[in-house]
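J.: I'd like to go over a predicted model; first the sequence, then the structure.
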Amino acid sequence: MNRTPRPGWLDDPRNVTRIVYGLYAVCAALLVAELVIGRKAEFGIEAWFGFYAVLGFIAYCGIVYAAKALRRLVRRPETYYQDQDVRDE
Amino acid sequence: MSDVLLNPGLVLIVGAAGLPLLRGRAQQLYLLALPLLALALLVRLSFGERGRLSLFGLELVTIRLDALSFVFALAFLIAAVLAVIYSWHLRDATQHVSAVIYAGAATAALLAGDLITLFVFWELTAVASAVLIWARRSQASYRAGLRYLLIQALSGVLLLGGAVLQHSVEGHIRFELMALDNPAGWFVLLAFGIKGAFPFLHNWLQDSYPEATPTGTVWLSVYTTKLAVYALARGFAGTELLVWVGVAMTLFPVFYAVIENDLRRVLSYSLNNQIGFMIAGVGVGTELAINGAAAHAFAHIIYKALLFMAMGAVLHRVGTIKASELGGLHKSMPWTARFCIVGSASISAVPLLSGFVTKSMILAAVAEDGRWVAFALLLIASAGVVDHSGIKIPFFSFFAHDSGLRCREAPAGMLLAMGLAAALCIGIGLYPQPLYDLLPYAVEYVPYTASHVITQAQLVLFAAAAFSFLYRRGLYPPEIRSVNLDADVVYRRALPYGWHTASRAVERLRLTAGPPLRRRAASTWVATTGPLRPNGRLGTAWSTHLMVWCIVLLLGALILLTVR
């Protein structure tokens, strides 16, 4: 049964934008929650306001950019090992 | 002697022999009955040691059930039930038999009280699981399976070497906490390290798991590496080295996972990263840390199986699992997409799901031990988990751009297994106490504090915000068809290349340096053997006069040397 579904709610780019802004709003709410409720901290900079938020954002971006650099170094064509296998036979 | 048979692992191994005799529905029901029977047996067994055997003067303990082995065995058998349901549609006795033997061998290895029993089942897991890779029946899977089996067998040989060394030094083969002050400890640690996919020993995992069958990878994801985590927790808890090995393991696969195109290989890197958290916990070795490692292994077995199930379902329906070719599948496979998101949120440690209540125990133990550097690095790795397993897996398969692929929803068995696994992820997350009660140590740990929920939600959601920010600005690396070099380039490319080059060089040397060398050797031969020929100087008859002089000189020398 290969039916083509109707355009879904997610097919409308405006809805995707709404989700993203919703996410940003929840992030902001979490910062407010930290400010209002407060939290425990075990060591030095961990006690800074928004430490986990900044770490999450920065670490994520850092990982992605580092991976992009890594890709330049390690990327090979998909047949890289297959060529070797064929030669071996 | 007879209590040897009370082994839940043996139930599976022996029971598997009956599978090829059955067909159709009878085979399916029998297949489901096996892990359920093993589970019932495990739950009824009391803690303690049984199944003692004497073999060549060695005292074997085939069943040692305590809190640590119980929690792992329980997870193994629950996963076996889920995997059987997931494979319900499959009509391939080879895969069923090898999968059940593999699960049985891994469970029996958990229960082993000595190194020889451990070795036997350790090797059996290797052989049985290799069949799950070969069952894909492609050239690539055949080669990947061979590489996998070689490396796994090497791990077994090292384990056996360690057992022999321990017996010769300490006079026993019991599997207990081991020290690294003797070679036996290092042999065994290396054996565990190979199966546990330590950095540089890890590539068998990313090489072979994506080549196995859609159902086979689900089985594979459960057993081998978690058996290693258990073995490390049993033999090397509190080993400082493991903290840093674990931290390294959480970090480096993260970068590879970002740029990997095969989504089951992304999950293999992610598996490697999750094992790292457990091994770091084992290295810290406090009661909270060991509890954390065991709890995280339990939760991880379920959510990682769930993620491999979702990707297996996509592969089963669409025929490819390359991110560059997928997208928009939530329209065709809405339930698979939902279950996958539950798995992704669990592994990302989103509050209310299983990863949140288990991984945080390890992080808390690391912090409690005052290891701030390790703690910070594990947090960074956690942000990486959000990327590869939390976002990349569901996003590029079910959402992103619509690839135009249309297919049917996954088969009912697959959906049921994914649904059960997702329910377990949510259940453990909402109500972790039953899992905590199973853990080796009685430690009070409260996951749901306002502080923990806020910080963890911030970490996950700001990482997700970073993804949307980068992706919408086109800064996120695109999915492209490629192979990324990893440590396996050493034995898949460098060593064969080195060997070929060396053999070619030897051949060239033979051709260029050979003839002149042969000529020189022939002339030297003629020159040195000339005097010995019949008409040579030494070959002619010597006079009696000369012979007598020789004898006198020899005797004189003898007297001088012996008489003082």
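T.: Sure thing, it's come through.
J.: show me where chain B has strands.
T.: Secondary structure of chain B, counting by DSSP state E: strands at B:48-55, B:58-65, B:483-484.
J.: Take those strands and lay them out in TSV including mean pLDDT, mean neighbour count and distance to residue B:510.
T.: C-beta here means a position set from N, CA and C on the backbone, and glycine is covered the same way. Supplementary listing: the strands of chain B in TSV, determined by pLDDT from 0 to 100; neighbours: other Cβ atoms under 10 Å in any protein chain shown; distance: least, Cβ to Cβ, whole Å:
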stretch	mean pLDDT	mean neighbour count	distance to residue B:510
strand B:48-55	91	14	51
strand B:58-65	94	20	51
strand B:483-484	92	20	36
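J.: Any idea which of the ones you listed gets closest to chain A?
T.: Distances from chain A to each of the strands of chain B were compared by Cβ to the nearest Cβ, and the smallest falls on strand B:483-484, at 4.6 Å.
J.: Please identify the pairing partners of the closest one and their relative orientation?
T.: Each strand pairing with strand B:483-484, determined using DSSP bridges, is listed with its direction: strand A:75-76 (antiparallel).
J.: Tell me the confidence at the residue positioned nearest the centre of chain A?
T.: Centrality entry for chain A: nearest residue to the mean C-alpha point is residue A:60, 6.2 Å, by Cα atoms, centre = their mean. Per-residue pLDDT puts residue A:60 at 95.
J.: Please apply the same query to residue A:16.
T.: Reading off the confidence values, residue A:16 has pLDDT 89.
J.: swap in the one 10 residues further on?
T.: Predicted confidence (pLDDT) for residue A:26: 95.
J.: for the one 5 residues further on, same thing?
T.: What the model reports as pLDDT for residue A:31 is 94.
J.: Could you check how many residues crowd around it?
T.: Other residues lying near residue A:31 total 16 when counted by other Cβ atoms under 10 Å in any protein chain shown.
J.: shaky segments in chain A?
T.: A:1-6, A:83-89 (pLDDT under 70).
J.: near chain A, which residues of the stretch 51-200 of chain B show up?
T.: With the criterion set to Cβ under 8 Å from any Cβ of the partner chain, the stretch 51-200 of chain B comes near chain A through B:139, B:140, B:143.
J.: ok, these vs residue B:217, which is closest?
T.: Each of those was checked against residue B:217 using Cβ to Cβ; the closest is residue B:140, at 13.9 Å.
J.: List buried residues within the residues of the stretch 51-200 of chain B next to chain A.
T.: Buried residues within those, counting neighbours by 16 or more other Cβ atoms under 10 Å in any protein chain shown: residue B:143.
J.: of the residues of the stretch 51-200 of chain B next to chain A, closest to chain A?
T.: Using Cβ to the nearest Cβ, these come closest to chain A at residue B:143, 6.1 Å.
J.: quick one: which helix or strand includes residue A:82?
T.: Taking DSSP states H and E as the definition, one finds residue A:82 inside helix A:80-88.
J.: So the residue nearest to the centre of chain A lies in a strand, does it not?
T.: No - under the criterion used here (DSSP: H, G, I helix; E, B strand; the rest coil), residue A:60 is helix, not part of a strand.
J.: dump the residue contacts of it.
T.: The neighbours of residue A:60, taking Cβ atoms under 8 Å, 6 or more residues apart in numbering or on different chains as the test, are B:383, B:384, B:386, B:387, B:462, B:463, B:466, B:467.
J.: what's residue B:401 sitting at in phi/psi?
T.: In terms of degrees, to the nearest 10, the main-chain angles of residue B:401 are phi -80, psi 150.
J.: neighbours around it, how many?
T.: Residues contacting residue B:401 under the criterion other Cβ under 10 Å number 9.
J.: ok, the residue lying closest to it once chain neighbours are set aside to residue B:263 distance?
T.: By the measure of Cβ to Cβ, 6 or more residues apart in numbering or on different chains, the closest residue to residue B:401 outside its immediate chain neighbours is residue B:327, 4.9 Å from it. When distance is defined by Cβ to Cβ, to the nearest Å, residue B:327 is 11 Å away from residue B:263.
J.: And those two? Which one has more around it.
T.: Taking residue B:327 and residue B:263 together and counting by other Cβ under 10 Å, residue B:263 has the greater number of neighbours (28 against 19).
J.: show me the contacts for the more buried one.
T.: Here residue B:263 is in contact with B:311, B:314, B:321, B:322, B:323, B:326, B:392, B:393, B:396, B:397 (Cβ under 8 Å, 6+ apart).
J.: Would you check which of the residues you listed are in contact with chain A?
T.: Checking these against chain A (Cβ under 8 Å from any Cβ), there are no matches.
J.: Most neighbours out of those, which is it?
T.: For the contacts of residue B:263, neighbours were counted by other Cβ under 10 Å; the highest total belongs to residue B:397, with 30 neighbours.
J.: Residue numbers of the stretch 401-550 of chain B in contact with chain A?
T.: Selection of the stretch 401-550 of chain B residues close to chain A by Cβ under 8 Å from any Cβ yields B:402, B:406-408, B:449-451, B:454-468, B:470, B:472, B:475-477, B:480-486, B:492-493, B:496.
J.: Just the ones in helices from these, please.
T.: If you go by DSSP state H, these have B:450-451, B:454-468, B:470, B:472, B:496 in helices.
J.: Filter these down to the buried ones, ChimeraX style.
T.: Selection of the buried residues among these in ChimeraX, burial being defined by 16+ other Cβ under 10 Å:
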select /B:454,455,456,457,458,459,460,461,462,463,464,465,466,467,468,470
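J.: so who does residue A:39 touch?
T.: If a contact means Cβ under 8 Å, 6+ apart, then residue A:39 has B:450, B:451, B:454, B:455 as its contacts.
J.: 10 Å instead?
T.: Residues in contact with residue A:39 (Cβ atoms under 10 Å, 6 or more residues apart in numbering or on different chains) are A:33, A:46-47, A:49, A:51-52, B:449-455, B:458.
J.: could I get those residues as TSV with distance to residue B:237?
T.: Formatted as TSV, the entries for the contacts of residue A:39 read as follows, by distance: Cβ to Cβ, whole Å:
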residue	distance to residue B:237
A:33	37
A:46	27
A:47	31
A:49	37
A:51	31
A:52	29
B:449	27
B:450	32
B:451	28
B:452	25
B:453	30
B:454	32
B:455	28
B:458	32
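J.: do you know how far residue B:190 is from residue B:155?
T.: With distances taken as Cβ to Cβ, residue B:190 is found 8 Å from residue B:155.
J.: So for those two, which residues contact both of them?
T.: In terms of Cβ under 10 Å, 6+ apart, residue B:190 and residue B:155 are both contacted by the residues residue B:201.
J.: rewinding a little: mind picking the two most distant members of the contacts of residue A:60?
T.: Based on Cβ to Cβ, the longest span within those runs between B:384 and B:462 and measures 13.4 Å.
J.: Overlap of the contact sets of those two?
T.: A:59, A:60.
J.: What is the helix or strand harbouring residue A:33 packed up against?
T.: When secondary structure is defined using DSSP H and E, the element that contains residue A:33 is helix A:13-37. With contacts defined as 3 or more Cβ pairs under 10 Å, 6 or more residues apart in numbering or on different chains; DSSP states H and E, helix A:13-37 has these neighbours: helix A:51-74, helix B:450-472.
J.: do you know how far residue B:168 is from residue B:161?
T.: As judged by Cβ to Cβ, residue B:168 and residue B:161 stand 11 Å apart.
J.: Settle it for me: which of these two has more neighbours?
T.: Looking at residue B:168 and residue B:161 with other Cβ under 10 Å, you find the greater number of neighbours at residue B:161, namely 18 against 9.
J.: The closest residue to the more buried one other than its chain neighbours: neighbouring residues, count only.
T.: Nearest in space to residue B:161, with sequence neighbours left out and distances taken as Cβ to Cβ, 6+ apart, is residue B:187 at 4.7 Å. Counted with other Cβ under 10 Å, residues neighbouring residue B:187 total 21.
J.: separation between residue B:187 and chain A?
T.: 31 Å (Cβ to the nearest Cβ, to the nearest Å).
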